[in-house]
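> Build me a model from this:
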Amino acid sequence: MEWRLFIACELPDEVRSKLARTLDNLKKRTDAPRWVRAESIHLTVKFLGDTPTERIPEIEGMLLEAAARSTPHSVTLKGLGVFPNLQRPRVLWGGLHGELEPLHALHKAVCARLGWEKRPFTPHLTLARIKSRKAGQQAADLVRSGAYSGAIATWHINSVSLMRSDLQPTGAVYTCLRSFPLGKTA
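Reported below is the predicted structural model:
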């Protein structure tokens, strides 16, 4: 059996509340993108995709080691951006700033064991997925406007989680399989 898995840092409830208010304000400025529900937003460290369930113990062991070598750190959500670029936006995201080196080191440790990413790692929170030209133009305009260039939320990242994603007609449902505290050995 295979499960759709990814590695992520989950958000505290108070950050989700601030994100919900931010998303409500963004929705007033543009109605075209497919918005991510605030309760589903997370910081993806690495998407693993369809993974045989028998590999889960191996992945958990690797995450335990990587998390123990990492350290808790603070990040701030501020500013908007798009992937892949302003001419063809497909994802609207909120940028992360602050102590990003531990995130980059964690990503590097995970990729060293599970395979390298072709794209550079850009710590971010996905806010919306863009399916139409109109939505892309509206997202690009939001980014160009400098909207939300101030801090939206600051929080401490204290753990990394192995997550399962179940695709449903109403959107993906995420389940935390196991969390690993940063900077602590078993």
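> Give me the local confidence score for Tyr148.
For Tyr148, the pLDDT comes out at 89.
> hang on, it is in a strand, isn't it?
No. Read with DSSP: H, G, I helix; E, B strand; the rest coil, Tyr148 is coil and lies in no strand.
> what residues are up against it?
Residues near Tyr148 by CB atoms under 8 Å, 6 or more residues apart in numbering: 22, 26, 78-80, 94. All C-beta atoms are positioned from the backbone trio N, CA, C, and that covers glycine.
> helix, strand or coil for the closest residue to His97 other than its chain neighbours?
Nearest residue to His97, sequence neighbours excluded (CB to CB, 6 or more residues apart in numbering): Thr76, at 4.9 Å. Under the three-state scheme (three-state DSSP), Thr76 adopts strand.
> Just list whatever residues bridge to Thr76.
Assessed by DSSP bridges, Thr76 has beta-bridge partners His97, Thr154.
> Thought Leu96 was touching it, still the case?
Yes. Thr76 is within contact range of Leu96, at 7.0 Å (criterion: CB atoms under 8 Å).
> More neighbours: those two, which one.
Between Thr76 and Leu96, counted using other CB atoms under 10 Å, the more crowded position is Leu96 (20 against 16).
> Please enumerate the strands of the protein.
Listed in chain order, the strands of the chain (DSSP state E) span 2-9, 34-35, 43-52, 73-83, 91-98, 124-129, 151-157, 159-168, 171-181.
> Just the CA coordinates for the last one, please, in PDB.
The one in question is strand 171-181. Provided in PDB are the C-alpha atoms of strand 171-181 (Å, rounded to 0.1, in the frame of the first residue of the first chain):
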ATOM      1  CA  GLY A 171      -9.400  19.400  -1.000                       C
ATOM      2  CA  ALA A 172      -6.600  17.600   0.600                       C
ATOM      3  CA  VAL A 173      -7.000  16.400   4.200                       C
ATOM      4  CA  TYR A 174      -3.700  16.300   6.200                       C
ATOM      5  CA  THR A 175      -2.900  13.900   9.000                       C
ATOM      6  CA  CYS A 176       0.200  14.100  11.200                       C
ATOM      7  CA  LEU A 177       1.700  10.600  11.500                       C
ATOM      8  CA  ARG A 178       4.400  11.600  13.900                       C
ATOM      9  CA  SER A 179       6.200  14.800  15.100                       C
ATOM     10  CA  PHE A 180       9.900  15.100  16.000                       C
ATOM     11  CA  PRO A 181      11.100  17.900  18.300                       C
END
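> what helices or strands is that strand leaning on?
helix 56-69, strand 159-168 (3 or more CB pairs under 8 Å, 6 or more residues apart in numbering; DSSP states H and E).
> ok, and what's touching the longest helix seen in the chain?
Assignment by DSSP state H gives helix 13-29 as the longest helix of the chain. Applying CB under 8 Å, 6+ apart, the contact partners of helix 13-29 are 11, 35-36, 38-39, 41, 77, 94, 125, 127-128, 138, 142, 147-148, 152-153, 155.
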